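Participant: starting from these lines, generate the structure:
(3 chains)
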Amino acid sequence: MEKLIADLKKQIVEALNLKHLKPEDIGDDEPLFVEGLGLDSIDALELIVLLQQQYNIKISNPQEGPKIFKSVKTIAAYITAHQTA
Amino acid sequence: MKTRVHVVGAGVISAIGNSQAESLEAFRQETSGIGYMTVLDSIHKNKLPVGEVRLTNQQLSERTGAGAELTRTALLGLHAAQEAKHDSGISSWSQWRTGFISGTTVGGMDKTEDFFLDFIQDTSTGDLGKVVNHACGRSTELIADALGVNHFVSTINTACSSSVNSIIYGARLIAGGKLDIVVAGGTDALTRFTLNGFNSLLILDHAPCRPFDANRGGLNLGEGAGYVVLVSDAVRKHEKLISKCTVSGFANTNDAFHQTASSPDGKGSFAAMQQALLKSGLQPEAIDYINLHGTATLNNDLSEGTAVKRLFGDTIPRVSSTKAFTGHTLGASGGMEAVFSVMAIQHQCVFPNLRFQEPIPEVGIVPQLQFEKGIGVRHVMSNSFGFGGNCSSIIFSAVKNDQA
Amino acid sequence: MMGYKISGYCVIRNFSIWVNHERCIQSSTTSLEEFLVAAYTQINMNYPRYYKMDSLSKVGILAAELLWRDAKIIRPDSPESIAVILSNAHASLDTDVRYWESAKKQASPALFVYTLPNIVTGEICIRHNLKGENAFFIAERFDPVLLSDYAGMVLDQPGTKLCMGGWLDVMNDHHDVFLYLMEKSEDGNSAEEIRATLNTIYQLDYGKINS
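Facilitator: Residues are numbered from 1 along each chain as shown, chains lettered A, B, ... in the order given. Below is the predicted model of the structure:
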């Protein structure tokens, strides 16, 4: 889980062009949207692309986004739960 | 005295028909044009419904007399512009200062993407970049040439409000005495580029779209073109033309909220509608029908609905989104819907909002459910909002033709 | 007689930025991407959203930022009274190509949203809270007649006080940016004179200024 979280932070900074941040600046539980990191709806779509490309997990309903993308930790938990072995 | 701006001709082509008459019949019969694509080839072929014009490029070429090698955007535009010209009854353009202003977002992308992959390897030279741009900007010039307009030609790209902004520009040039006749509107063809892009935004409905419905699931893309012929009082009098209506008000504002999303309370669209009313000198209750932007995305319809509610209060006029018939035709939508608005005044009718079942709880607006004829339609408002926060609203008003 | 006035401008050309005729940023790079990051860092903007933008929006945001900072005018109170009228030749082609490349694997939504030229207008409006009229024209080359006439029509409307106008063209490393503020003024110039002024500023050989 810890490695997954560290990987995710790197991938998020890269995919969302968060060049003002280092991956380790993002807290595991820090809210990603609105307050916290301040990501927006387009970022959420890029996160969906990221999950599909890096983890082969497909989210087709964007309404699920806010729940899954609450924090890096919730994304990691979603990946762990949905990754097919 | 400042001249009024008359609409004397209109032309439209879309998934519901190749002319004003065919479109009116589709509205009357409530026949939607949304279905699976047959002309365009895409991986989404049997998955995403679209509003596709039923004619192939070859058929469009035969009908317009232009070469089939032209981009589909240009062919669709020419088809509608020719109808508008014919409909206007103007015998000759050449003695007037005539302009052609067109809005488009994809331009020549339909042709370009067929060889885009070769292109990418060569863009470093810059030359091929120019070829694409040429194709994009060219659609306007090709149509202007074929129409015989060369006094003034301009292309606008403000996303989905492009063609309303073309009409606004045309109206200003006539009101300001700079031109006598302007053909204004827009054209856009369906392309894989826009299909894949809108699909990546997850705002495409996999079923026919449901504008202003509580359970709407996104938009359907469409294609088409729509143009109006605008003239001054002097041209109308001299050419003995019948005025279908006047352009009585318009406004354009920026929402300044997000690159693509509208502000939840529709600040930009509210301001556009309010300022258009102000310019027309009309009170909100004078508006008989609003042709909504109504894309059927969660975001647009909530935002636009909130703005309409705020402006019109408890006495909301008849409203509908014709995108349930045609799909969202992007840069062409404002031009097409301007033509529909003009038709509403000319035929004293309003168009239904297909597939509506339940109002959006936050706004509670119930749109027009049936085709309705024989009601007084004097003032029609048409809304068009585009990515980039661009919000436009335009008002067409009936005119007595015995007034010289 | 009521006329118009150009109250400030910014030019980005040859990997350098000039504001009101003075070079404020100069770079030895020949990569537009590198230049846009270097310039952003140099002007201390602190607007992380900048990194997410395409090149067209970046040049627009940089130019607008420097223009406002140096403008010798009082900004009108109402955001609705400030219009933005822009134009270019390459539309959003630079980003169209990048997006199309991404689509070979999986279409990138973040790139797709920039595949329209007027997104830069939106970005400028968001950054500076401008809510007046917008237009974006596609023209083969910088057209002072089109730009000044349209801005003039917009400024002649009641309620509009200031217009940001300009030419923002980007393709790969090619960049040609001229952004200005035009306002109504008691002692201003005629529309014809404004055309000439815009043309003169645009045609200047910036390689020879303060070099």
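Participant: which residue ranges of chain C form strands?
Facilitator: Remark: strands assigned in chain C by DSSP state E are C:3-13, C:16-19, C:22-26, C:82-88, C:134-138, C:162-171, C:174-185.
Participant: mean pLDDT for the ones you listed: which is lowest?
Facilitator: Mean pLDDT is lowest for strand C:22-26 among the strands of chain C, at a mean of 90.
Participant: coming back round to it: buried deepest among the strands of chain C, which one?
Facilitator: Among the strands of chain C, strand C:134-138 has the highest mean neighbour count (mean count of other C-beta atoms under 10 Å in any protein chain shown), at a mean of 27. Every residue, glycine included, has its C-beta placed from N, CA and C.
Participant: where exactly do the strands run in chain A?
Facilitator: Under DSSP E, chain A gives no strands.
Participant: in it, which residue sits closest to chain B?
Facilitator: Closest contact between chain A and chain B, by C-beta to the nearest C-beta, is at A:Pro62 (4.5 Å).
Participant: for the residue lying closest to C:Trp18 once chain neighbours are set aside, give me its contacts.
Facilitator: Excluding the flanking residues, the one nearest C:Trp18 by C-beta to C-beta, 6 or more residues apart in numbering or on different chains is C:Val11, at 4.5 Å. Residues near C:Val11 by C-beta atoms under 8 Å, 6 or more residues apart in numbering or on different chains: C:17-18, C:177-178, C:201, C:204, C:206.
Participant: if C:Val11 is in a bridge, with which residues?
Facilitator: Following DSSP bridges, C:Val11 is listed with bridge partners C:Trp18, C:Phe178.
Participant: that one and C:Gln157: what is the separation?
Facilitator: C:Val11 sits 28 Å away from C:Gln157, going by C-beta to C-beta, to the nearest Å.
Participant: give me the pLDDT for B:Gly170.
Facilitator: pLDDT, B:Gly170: 98.
Participant: same question for the one 5 residues further on.
Facilitator: In this prediction, B:Ala175 carries a pLDDT score of 96.
Participant: nearest to C:Glu186 among the contacts of C:Val11?
Facilitator: Minimum distance to C:Glu186 across these is 22.2 Å, recorded for C:Ile201 (C-beta to C-beta).
Participant: just the pLDDT for that closest one.
Facilitator: C:Ile201 carries a pLDDT value of 96.
Participant: next up, the contacts around the closest residue to it other than its chain neighbours.
Facilitator: Leaving aside its sequence neighbours, C:Ile201 sits nearest to C:Tyr9 (C-beta to C-beta, 6+ apart; 5.9 Å). Contact analysis of C:Tyr9 by C-beta under 8 Å, 6+ apart lists C:19-20, C:67, C:166, C:178-181, C:201.
Participant: ok, now with 10 Å
Facilitator: Counting by C-beta atoms under 10 Å, 6 or more residues apart in numbering or on different chains, C:Tyr9 makes contact with C:18-21, C:63, C:66-67, C:70-71, C:165-166, C:178-182, C:197-198, C:201-202.
Participant: what does C:Ala103 give?
Facilitator: Counting by C-beta under 10 Å, 6+ apart, C:Ala103 touches B:113, B:116, B:192-193, B:196-197, B:199-200, C:111-112.
Participant: can you do 8 Å?
Facilitator: Listed by C-beta under 8 Å, 6+ apart, the contact partners of C:Ala103 are B:196-197.
Participant: closest point of chain B to chain A, which residue?
Facilitator: Across chain B, no residue is closer to chain A than B:Leu202, which sits at 4.5 Å (C-beta to the nearest C-beta).
Participant: which SS class is that residue?
Facilitator: State at B:Leu202, reduced to three classes by DSSP: H, G, I helix; E, B strand; the rest coil: coil.
Participant: got the residues of the stretch 251-400 of chain B near chain A?
Facilitator: B:258-261 (C-beta under 8 Å from any C-beta of the partner chain).
Participant: got CSV for those, with secondary structure and pLDDT too?
Facilitator: Formatted as CSV, those follow (DSSP: H, G, I helix; E, B strand; the rest coil; pLDDT from 0 to 100):
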residue, secondary structure, pLDDT
B:His258, coil, 92
B:Gln259, coil, 89
B:Thr260, coil, 90
B:Ala261, coil, 92
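Participant: farthest pair within those?
Facilitator: The most widely separated members of those are B:Gln259 and B:Ala261, with 7.7 Å between them, by C-beta to C-beta.
Participant: neighbour count winner among these two?
Facilitator: Neighbours per residue, other C-beta atoms under 10 Å in any protein chain shown: of B:Gln259 and B:Ala261, the larger number sits with B:Gln259, 24 against 21.
Participant: residues contacting the closest residue to chain C within chain A?
Facilitator: The nearest approach of chain A to chain C comes at A:Leu45, 3.8 Å away (C-beta to the nearest C-beta). Neighbour list for A:Leu45: A:62, B:200-202, C:109-110 [criterion: C-beta under 8 Å, 6+ apart].
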